[in-house]
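Enquirer: Dropping a prediction and its sequence here:
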Amino acid sequence: MNKKILKQKIINILAESMLHYDARLRFSKFIKSEDLILDVGALSSRLTNTLKNKVIAVDLPKKGRFGFSKNSLAKLCQRENLEMSYADVVNLPFRENSFNIIICTEVLEHIHKDHFAVDEILRVLKPNGYLLITVPHQERVPFPKCGIKEHYRHYYKKDLISFFSDHQIILLQDRFKFSEDWIINKLNKKFLNSRKNIDLFFTFLVFIFKIFYILILRSLSESIFKLRPGSNLILIVKKKS
């Protein structure tokens, strides 16, 4: 693997790790140790990999970049608290009111009939259970100009409010004040075109920057950079009893 590709991979891993950390941190206070969790569109189920809860992860068979791949299934099988199942979010194979927590991050924009998916998710969520959703923010990442070919749409806040008007919206706000695009662009410009042998230094820098983000930047960003919206929306809903 050439050095430029290696550096790009490290940058992408850094950004992805921070995004998942951000969502986990925001949602962790709603999860109790005894909660049964459903992870919809799970891929590698990264948002639950630090939990000891019983987790059921569902996704479609891999197609292109998405779905359960052989590698992701092999890694998921190593987790004793997790079960995997092939399932379509618009037709979940579970009884009503089965789960205390449902995680659905970066999924709805991939679903052609997203309102059917929302209905199914709410059907299997227990009364007073919590739903975590993240989606691309239409104001920040306008569709179809931005996004990827697998997306059908991006969302305004009012779109999510309309989906869950009958339930209690606990949180609906921008996330990722320091967006992954900002981080990647800065690091690309600084390091990817360097001709010096700085692989070890670059890896160390990535590690330090991640720690700095986790401990300092994330907490400060929401109070200092209020006018800089994130690239995604995060929504936490409590299902009516």
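Expert: Sure, I can see it.
Enquirer: ok, Leu38 touching Ile56?
Expert: Yes: the criterion here is CB atoms under 8 Å, and Leu38 meets it with Ile56 at 5.3 Å. To be clear about C-beta, it is placed using only N, CA and C from the backbone, and glycine gets the same treatment.
Enquirer: hey, what's in contact with both of these two?
Expert: Residues within reach of Leu38 and of Ile56 at once, by CB atoms under 8 Å, 6 or more residues apart in numbering, are Phe99.
Enquirer: Which residues are in contact with Glu150?
Expert: Counting by CB under 8 Å, 6+ apart, Glu150 has contacts Gly64, Arg65, Phe66, His110.
Enquirer: SS state for it?
Expert: coil (DSSP: H, G, I helix; E, B strand; the rest coil).
Enquirer: Show me where the chain dips below the pLDDT cut-off.
Expert: 1-20, 176-203, 205-207, 209-230 (pLDDT under 70).
Enquirer: Point out the other helices and strands that the lengthiest strand in it packs with.
Expert: Counting by DSSP state E, the longest strand found in the chain is strand 125-136. Applying 3 or more CB pairs under 8 Å, 6 or more residues apart in numbering; DSSP states H and E, one finds that strand 125-136 contacts helix 3-27, strand 99-105, strand 232-238.
Enquirer: Tell me which of Leu38 and Ile56 has more neighbours.
Expert: Using other CB atoms under 10 Å, the more surrounded residue of Leu38 and Ile56 is Leu38, with 26 against 21.
Enquirer: Distance of the more buried one relative to Leu172?
Expert: 21 Å (CB to CB, to the nearest Å).
Enquirer: and if you look at Leu122?
Expert: Taken as CB to CB, the span from Leu122 to Leu172 is 16 Å.
Enquirer: Can you pick out the residue with more neighbours from the two?
Expert: Leu122 (20 against 16).
Enquirer: Just give the nearest non-adjacent residue to Ser69, would you?
Expert: Among residues not flanking Ser69 along the chain, Lys62 sits closest, at 4.3 Å (CB to CB, 6 or more residues apart in numbering).
Enquirer: was I right about the one you found contacting Tyr86?
Expert: No: taking contacts as CB under 8 Å, Lys62 lies outside contact range of Tyr86: 10.4 Å.
Enquirer: which residues are in contact with both of those two?
Expert: Phe68.
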